[in-house]
Each structure stands twice: as structure tokens, then as C-alpha cells.
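> Dropping a prediction and its sequence here:
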Amino acid sequence: MPPHQPRSTTPLTDAPAGDWSRVSADLAMVDGTYWLTVARPDTTPHTRPLLAVWTKGVPHFVCGPRTAKARLLSGGPNVSLAVSTARLDVVVQGRVERVSDPSRVRAVAETYPKVYGWAPVPEGDLLIGPDGAPTAGPPPYAVYAVPPTVVHAFPTDAAEHGATRWRFGDRDEHA
């Protein structure tokens, strides 16, 4: 199975299941706010807004090294990203990964201006300027990815499908 493709699809209502290719296409076009939730060491949730982009089928975001997000993400915890599209409310669950490959960092840098109009510059495994990234703290910016383990989509209108869960990878995490 190709990476970042669901291995199973489950309708969560009596309505038909959603089509991952349509949902992922919607997600690639989102130019709004995502909400990242990560657990603090005492297990209380830390939820903050951020601007994520989908690159190569995976959501990516940035943050400065001195932010609370960066400190909480340092251990590669399980996280969730929530966002609303024109048709859906979507929750992506997965284990966050710090992106260190310069070619992936460059791909993320090239996606941000297409989606948000913010044009960061790749420098090794970091992004720099211009004028700071909204919601990310001061530069330089580390790049993070959230390869999905589970994605839930809930229609917000008279969609052709009902609420749906997609599972990715080999594990049954985050049911």
C-alpha cells in the first residue's frame, strides 16, 4: 500500500463512507486555521492555532524553538490537528515528527506561499523569514509533520457521505 493512503475506511453513520481522495484534495486547499492539541507532561491538553500545509499527502506546520509548542513536541508525541474545510470538519491524529530532510523542508517552504501567501526561505532543516510566521513565534522555524494514523471527517452540509474514519499504517492507534 502506498504511504499516506488509508488501509481502511469506516462509515460512522448509516450514510455512505467518504472518499479519501476527495477529502485529501479539500485538505490540500485549506487556507484557514488548524488547531493543534498535544498533551503537557501532566496530561492536560495544550491547544493552539497554527497554519498547516499539506505536502506530499501529510500535514506540516512550523514553530519557533522557544515556543511552548516546540518544547511539548520535542518527544514526538501523539497529537491531533483539527480544521474546517468548506464541506467538512476534519481531525487528523498521528505522531508528530520533526522534519530534518532539507528537500522536505524546501517542499514545505514552497507550499506556504501557495496556501497562505507567506514565503519562508529554507535554510538547511529550518525556515527563516520574512516578517515572522503568524502563530509560530519568532524565527527560525522548525518544520513538523503529522503522518496520519487516523483521520475523522464530519460533513457540515448536505454532503454525499456521512461521518467517516480512515485508518493509516499498520497500527490501530487513536480509535
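Arrived safely, thanks for sending.

> So which residues of the protein form helices?
20-28, 68-73, 102-116 (DSSP state H).

> a markdown table for those, including mean pLDDT and distance to residue 162?
Where you see a C-beta, it was placed from the backbone N, CA and C, and this is true even at glycine. Listed next are those as a markdown table, based on pLDDT from 0 to 100; distance: least, C-beta to C-beta, whole Å:
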| stretch | mean pLDDT | distance to residue 162 |
| --- | --- | --- |
| helix 20-28 | 91 | 13 |
| helix 68-73 | 92 | 33 |
| helix 102-116 | 96 | 28 |
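
> among those, which is the most enclosed?
helix 68-73 (a mean of 19; mean count of other C-beta atoms under 10 Å).

> Residue 98 contacts residue 76, correct?
Yes. Counting by C-beta atoms under 8 Å, residue 76 is a contact partner of residue 98 at 7.5 Å.

> With distance to residue 53 as extra columns, can I get the helices of the chain in TSV?
Compiled in TSV, the helices of the chain are given as follows (distance: least, C-beta to C-beta, whole Å):
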stretch	distance to residue 53
helix 20-28	8
helix 68-73	16
helix 102-116	4
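
> between those helices, which one is nearest to residue 55?
Closest approach to residue 55 among these (C-beta to C-beta): helix 102-116, 4.9 Å.

> so what's the closest residue to residue 61 other than its chain neighbours scoring on pLDDT?
Of all residues not flanking residue 61 in the chain, residue 52 sits nearest, at 4.3 Å (C-beta to C-beta, 6 or more residues apart in numbering). Listed pLDDT for residue 52 reads 96.
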